[in-house]
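Engineer: give me a model of this one.
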Amino acid sequence: MRKQLSYYLIFVVLYAGLTVAGVFTPFILPGIVVLVGMMLPMSSVGYDDQARWDKYAAATPAGRAGMVAARYLSALIVLVAGSALILVLMLVLGLTGLIDSPPVESIAAVLACLCVALVFDAVILPILIKFGAEKSRIISIIIFVTVFGGAMLITQLAKNLGPGGGVAFPAWLAAALPVVLALVSVGGFVISYFISLGIYGKKEL
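Structural biologist: Numbers count the residues shown, from 1 in each chain. Got it, this is the predicted structure:
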């Protein structure tokens, strides 16, 4: 896990450099959070499957519930820490003039990508726990494309709802979108945890 996180850090530094050089827009950086949200659960479950760690962990005092809690907690910690790192990086680069990204837009972009990553993990973790990493690989890619496409649609809708957009929707609806996204992502993550508890409790190890 530590080695994989070091790869993600190198990935962030590389893309930050390319962003400063003008190769990418600043908002490619928050997208790394979504990418980590896809890769981390698949790789961690894959490692556990290869080492047959689930059989050993189920026999520990923490039991099956502890295994599920550990996977969700590790995913949450990495996503929150990664989002904080990206946000600090974007704010520093923005304040120093290296990238054109106002603080408010940077914060909004990072929080939106964090919510998208939570939604993805909420959907994929029960599937990974049910079928394992190998059988869930294609399903994971399909879900990633669906969630990412939905996020792009919401982003485009938000632009249309903005002051320069061509669609005149009520202001309360535009203001409610971030709240709805936050509630769906956090609520979905919690519900997903209990679904995974039920799945793992009945799974034959």
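
Engineer: other SSEs contacting the helix or strand where residue 87 lies?
Structural biologist: Assigned by DSSP states H and E, residue 87 belongs to helix 63-95. If you count contacts as 3 or more Cβ pairs under 8 Å, 6 or more residues apart in numbering; DSSP states H and E, helix 63-95 packs onto helix 2-20, helix 28-51, helix 53-58, helix 103-131, helix 171-202. In short, each C-beta sits where N, CA and C put it, glycine included.

Engineer: show the contacting residues for the most centrally placed residue in the chain.
Structural biologist: Nearest to the mean C-alpha position of the chain, by Cα atoms, centre = their mean, lies residue 117 at 2.0 Å. Contacts of residue 117 were listed using Cβ atoms under 8 Å, 6 or more residues apart in numbering, and they are 33-34, 36-38, 79.

Engineer: I'd assumed residue 127 was in contact with residue 136.
Structural biologist: Yes. Contact criterion Cβ atoms under 8 Å: residue 136 and residue 127 qualify, at 5.0 Å.

Engineer: those two: who's more crowded?
Structural biologist: Between residue 136 and residue 127, counted using other Cβ atoms under 10 Å, residue 136 has the larger neighbour count: 22 against 19.

Engineer: and that one, how far from residue 183?
Structural biologist: 27 Å (Cβ to Cβ, to the nearest Å).

Engineer: run a quick neighbour tally on residue 47.
Structural biologist: With other Cβ under 10 Å as criterion, residue 47 counts 13.

Engineer: where does pLDDT dip in the chain?
Structural biologist: 1-5, 51, 53-62, 147-148, 150-152, 154-174, 205 (pLDDT under 70).

Engineer: need the three-state assignment for residue 22.
Structural biologist: What DSSP: H, G, I helix; E, B strand; the rest coil gives for residue 22 is coil.

Engineer: got the contact list for residue 45?
Structural biologist: 71, 128-129, 132-133, 136.

Engineer: excluding its backbone neighbours, what's nearest residue 109?
Structural biologist: residue 30 (4.5 Å; Cβ to Cβ, 6 or more residues apart in numbering).

Engineer: and the gap between that neighbour and residue 45?
Structural biologist: Noted for residue 30: a distance of 25 Å to residue 45, by Cβ to Cβ.

Engineer: for residue 139, same thing?
Structural biologist: From residue 139 across to residue 45, the span is 13 Å (Cβ to Cβ).

Engineer: just residue 72 next, same as before
Structural biologist: Applying Cβ to Cβ, the value for residue 72 to residue 45 is 12 Å.

Engineer: neighbours of residue 6, just the number please.
Structural biologist: For residue 6, the count of nearby residues is 10 (other Cβ under 10 Å).

Engineer: next, the contact list for it, please.
Structural biologist: Per Cβ under 8 Å, 6+ apart, neighbours of residue 6: none.

Engineer: again with residue 198
Structural biologist: Residue 198 is in contact with no residue at all, counting by Cβ under 8 Å, 6+ apart.

Engineer: quick one: it and residue 16, what's the gap?
Structural biologist: Applying Cβ to Cβ, the value for residue 198 to residue 16 is 41 Å.
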